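Visitor: After the sequence you'll find the predicted model.
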Amino acid sequence: MTHVIDGNAVADRIRDDVQNCVTALEDEGVTPGLATVLMSDDPASETYVSMKQRACDELGIEGIHRKLEPEASADDLLETVIELDGDPTVHGILLQMPVPDHVDGTNALRHVDPLKDVDGFHPENVGRLVAGDPRYKPCTPHGIQKLLEAADVDTDGSDVVIVGRSEIVGKPIANLLIQKAPGGNATVTVCHSRTNALAEKTRQADIVVAAAGVPELVDGSMIGAGAVVIDVGVNRIDAETEKGYELVGDVEFDSAREKASVITPVPGGVGPMTIAMLLYNTVAAASIQTGVPVDLP
Ligand SMILES: NC(=O)C1=CN([C@@H]2O[C@H](COP(=O)(O)OP(=O)(O)OC[C@H]3O[C@@H](n4cnc5c(N)ncnc54)[C@H](OP(=O)(O)O)[C@@H]3O)[C@@H](O)[C@H]2O)C=CC1
Ligand SMILES: Nc1nc(=O)c2c([nH]1)NC[C@@H]1CN(c3ccc(C(=O)N[C@@H](CCC(=O)O)C(=O)O)cc3)C=[N+]21
């Protein structure tokens, strides 16, 4: 029987741990604060940011939201980031990606204090992760690590194939899984749009991580018998539903499930973990910046 991982259930357990940290911080007079910055009218981005803000409300984290029009200037964005950076009640800053083409997102991220960079995208935090001394593990990769652990999947010595090499998903997942540390020690192959014979590579893998942003790119024929399949993709496809769309992963779930021993669904797999780990990093950031200790597993 294939085990379909319930990402919402694992995320709920993490949120309970985070809740205990919020209480410990509150006892010392500290309210953790997370600022989200959105420079987009994209409905999916708006949904994700409001989910993050709602999650903050539920746990007693102070949510601060800044919305910039997509036509705003790069300087407007920098000003917003710099203002939040100087605000001692803000412990974490998340700049929702992507930003419009006329804005240099990489440059904007460099203006976030590395201690407030709860996404783990600042070069200092990327460098620390690569160097084996992570400060904030990037949310989606960290969430995947927690999901694998919850499903009793041992990454040690396993062959992992990642489909996608983006800065926010593919590369940091690879960096995390090759760490000489628990939840790491995997042998990782990173594939992308120029990769030859993708299916041959994925079929050899013990663990396939699909993060290409291409709906149902990875089907059952590309999965080896008994493999673990992690679907990071969240794609909105037009459909005659109440919302006018349905969510589809980068994996063709039904055919992949036939082959897999363990698989994540979309929705309800990696997505909820990304938000849980953002809350996790926010309490870690509040702890680092105030010196109040918290107990995060
Ligand atoms: N669940 C969650 O919490 C999150 C989900 N996502 C979702 O994950 C997916 C990926 O996001 P993101 O990394 O930001 O996307 P990007 O578009 O930034 O990167 C996609 C990557 O996939 C590669 N790729 C595209 N097409 C193919 C193909 N046919 N074969 C092999 N590789 C291919 C690209 O290659 P190349 O580099 O050559 O262009 C690129 O490296 C999206 O569906 C996104 O919505 C993202 C973040 C969090
Ligand atoms: N700076 C930055 N940090 C991010 O972490 C970041 C980002 N930019 N840009 C966009 C991607 C995407 N992302 C998701 C988070 C949660 C769900 C999620 O919770 N999805 C639900 C369904 C959501 C729905 O109903 O639409 C699920 O899969 O079950 C999905 C996607 C974070 N991202």
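Guide: The structure has been received and is ready for your questions. Owing to the predicted nature of the structure, the values given are computational and were not obtained by experimental measurement. Ligands and ions are numbered 1, 2, ... in the order given.

Visitor: residues from the protein in reach of ligand 1?
Guide: When proximity is defined as CB under 6 Å from any ligand atom, the chain approaches ligand 1 at 140, 163-166, 168-170, 191-195, 198, 211-214, 217, 232-235, 250, 270-271, 274. Yep, even glycine has a C-beta here, placed from its N, CA and C like the rest.

Visitor: What remains of these if I keep only buried residues?
Guide: Neighbour counting with 16 or more other CB atoms under 10 Å marks 140, 163-165, 168-170, 191, 198, 211-212, 217, 232-235, 250, 270-271, 274 as buried within those.

Visitor: Give me the subset of those residues that lies in helices.
Guide: Judged by DSSP state H, the subset of those located in helices is 140, 170, 198, 270, 271, 274.

Visitor: How about the first one, nearest residue that isn't a chain neighbour?
Guide: In this structure, residue 140 finds its nearest non-sequential neighbour in residue 274, 4.7 Å apart by CB to CB, 6 or more residues apart in numbering.

Visitor: Which pLDDT does the model give that neighbour?
Guide: Per-residue pLDDT puts residue 274 at 98.

Visitor: Numbering from 54 from now on, please.
Guide: Sure, I'll start counting at 54 from here, so that last one is residue 327.

Visitor: so it sits right up against residue 194, yeah?
Guide: No: with contacts counted by CB atoms under 8 Å, residue 327 stays clear of residue 194, the gap being 9.4 Å.

Visitor: so what's residue 324 up against?
Guide: 60, 287 (CB atoms under 8 Å, 6 or more residues apart in numbering).

Visitor: hang on, I meant residue 99
Guide: 91, 93 are the contacts of residue 99 under CB under 8 Å, 6+ apart.

Visitor: do that again at 10 Å, thanks
Guide: Taking CB atoms under 10 Å, 6 or more residues apart in numbering, we find residue 99 in contact with 91, 93, 120, 149.

Visitor: Spatially, which two of the residues you listed are the most separated?
Guide: Greatest spacing in the contacts of residue 99, by CB to CB: 120 and 149 (9.9 Å).

Visitor: Touching both of the two, which residues are there?
Guide: Both residue 120 and residue 149 are in contact with 89, 90, 91, 92, 93, 99, 102, where contact means CB under 10 Å, 6+ apart.

Visitor: Just confirm the first one is within a strand.
Guide: When you say that, I think you mean residue 89. Yes: according to DSSP: H, G, I helix; E, B strand; the rest coil, residue 89 belongs to a strand.

Visitor: Quick check: it vs ligand 1, distance?
Guide: As judged by CB to the nearest ligand atom, to the nearest Å, residue 89 and ligand 1 stand 15 Å apart.

Visitor: That residue contacts residue 116, doesn't it?
Guide: Yes: using CB atoms under 10 Å, residue 89 is in contact with residue 116, at 7.2 Å.

Visitor: ok, the residue in the stretch 54-203 of the chain that ligand 1 sits nearest to - contacts?
Guide: For the stretch 54-203 of the chain, the residue closest to ligand 1 is residue 193, as judged by CB to the nearest ligand atom, at 4.4 Å. For residue 193, the contact set (CB under 10 Å, 6+ apart) comprises 172-173, 221-223, 225-226, 229, 262, 264, 285, 323-324, 326-328, 330-331.

Visitor: among those, which are in reach of ligand 2?
Guide: Counting by CB under 6 Å from any ligand atom, the members of these near ligand 2 are 172, 324, 327, 328.

Visitor: secondary structure class for residue 214?
Guide: strand.

Visitor: wait, doesn't residue 208 sit right on residue 200?
Guide: No: in this structure residue 208 lies outside contact range of residue 200 using CB under 10 Å: 11.3 Å.
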